[in-house]
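**Student:** Below is the sequence, then the predicted model.
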Amino acid sequence: MIFLQTCAEQRIATISPGEYLRVKLAVAMSAHPRILMIDAKVLDRSAFERVEFMTALRELAENGMTILVVVDREDE
(Lines give C-alpha, C1' and ligand atoms only; values in the text may rest on other atoms or scores of the structure.)
Protein backbone atom coordinates (compact mmCIF):
# COMPACT_ATOMS: atom_id res chain seq x y z
CA MET A 1 0.00 0.00 0.00
CA ILE A 2 2.46 2.69 1.11
CA PHE A 3 5.56 2.04 -0.94
CA LEU A 4 8.62 3.04 1.06
CA GLN A 5 11.20 0.53 -0.19
CA THR A 6 12.91 3.18 -2.33
CA CYS A 7 13.74 5.30 0.70
CA ALA A 8 14.37 2.57 3.28
CA GLU A 9 18.13 3.15 3.38
CA GLN A 10 18.03 6.95 3.12
CA ARG A 11 18.15 9.60 5.80
CA ILE A 12 14.84 11.40 6.28
CA ALA A 13 16.43 14.72 5.23
CA THR A 14 17.31 13.30 1.80
CA ILE A 15 13.99 11.84 0.69
CA SER A 16 11.56 13.61 -1.61
CA PRO A 17 8.52 15.49 -0.28
CA GLY A 18 6.25 12.75 -1.60
CA GLU A 19 8.24 10.05 0.16
CA TYR A 20 8.23 12.12 3.34
CA LEU A 21 4.44 12.36 3.13
CA ARG A 22 4.20 8.56 2.78
CA VAL A 23 6.51 8.12 5.80
CA LYS A 24 4.25 10.39 7.86
CA LEU A 25 1.20 8.40 6.75
CA ALA A 26 2.92 5.12 7.63
CA VAL A 27 3.80 6.44 11.09
CA ALA A 28 0.19 7.49 11.63
CA MET A 29 -1.03 4.08 10.46
CA SER A 30 1.27 2.27 12.89
CA ALA A 31 -1.11 3.29 15.69
CA HIS A 32 -4.00 1.49 13.91
CA PRO A 33 -6.40 4.45 14.05
CA ARG A 34 -10.07 4.08 13.16
CA ILE A 35 -10.24 7.68 11.93
CA LEU A 36 -7.56 9.52 10.01
CA MET A 37 -7.68 13.33 9.86
CA ILE A 38 -5.76 14.91 7.00
CA ASP A 39 -5.06 18.63 6.70
CA ALA A 40 -5.78 19.78 3.15
CA LYS A 41 -2.38 21.51 3.10
CA VAL A 42 -0.88 18.01 2.92
CA LEU A 43 -2.38 17.76 -0.54
CA ASP A 44 -0.51 20.86 -1.73
CA ARG A 45 2.04 18.77 -3.63
CA SER A 46 2.86 17.94 -7.22
CA ALA A 47 0.15 16.23 -9.24
CA PHE A 48 2.04 12.92 -9.13
CA GLU A 49 2.50 13.07 -5.35
CA ARG A 50 -1.16 13.99 -4.85
CA VAL A 51 -2.31 11.03 -6.96
CA GLU A 52 -0.03 8.66 -5.03
CA PHE A 53 -1.24 9.97 -1.68
CA MET A 54 -4.91 9.94 -2.66
CA THR A 55 -4.54 6.38 -3.96
CA ALA A 56 -3.20 5.32 -0.55
CA LEU A 57 -6.06 7.13 1.21
CA ARG A 58 -8.60 5.52 -1.12
CA GLU A 59 -7.23 2.06 -0.29
CA LEU A 60 -7.53 2.82 3.42
CA ALA A 61 -11.12 4.00 2.95
CA GLU A 62 -11.98 0.89 0.94
CA ASN A 63 -10.71 -1.19 3.86
CA GLY A 64 -13.09 0.53 6.25
CA MET A 65 -11.11 3.47 7.61
CA THR A 66 -12.87 6.79 8.08
CA ILE A 67 -10.88 9.61 6.51
CA LEU A 68 -11.62 13.25 7.26
CA VAL A 69 -9.94 15.95 5.17
CA VAL A 70 -9.90 19.31 6.93
CA VAL A 71 -9.89 22.42 4.76
CA ASP A 72 -9.48 25.95 6.01
CA ARG A 73 -11.29 27.67 3.16
CA GLU A 74 -15.04 28.03 2.99
CA ASP A 75 -15.13 27.76 -0.81
CA GLU A 76 -13.63 24.23 -0.93
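**Tutor:** Nice, thanks for sending it over. Numbers count the residues shown, from 1 in each chain.
**Student:** Now do the helices in this protein.
**Tutor:** 17-29, 47-62 (DSSP state H).
**Student:** Give me the mean pLDDT for the shortest one.
**Tutor:** The pLDDT scores in helix 17-29 average 80.
**Student:** That helix - contacts with which helices or strands?
**Tutor:** helix 47-62 (3 or more Cβ pairs under 8 Å, 6 or more residues apart in numbering; DSSP states H and E). Any C-beta I mention is one placed from the backbone N, CA and C, and that applies to glycine too.
**Student:** which non-adjacent residue is nearest V42?
**Tutor:** L21 (6.5 Å; Cβ to Cβ, 6 or more residues apart in numbering).
**Student:** how about that neighbour, what does it touch?
**Tutor:** Each residue near L21 by Cβ atoms under 8 Å, 6 or more residues apart in numbering is listed here: 42, 45, 49, 53.
**Student:** Name the nearest of those relative to D72.
**Tutor:** When these are compared for distance to D72 (Cβ to Cβ), V42 comes out closest, at 12.1 Å.
**Student:** how close does that closest one get to L25?
**Tutor:** Taking Cβ to Cβ, to the nearest Å as the measure, V42 falls 9 Å from L25.
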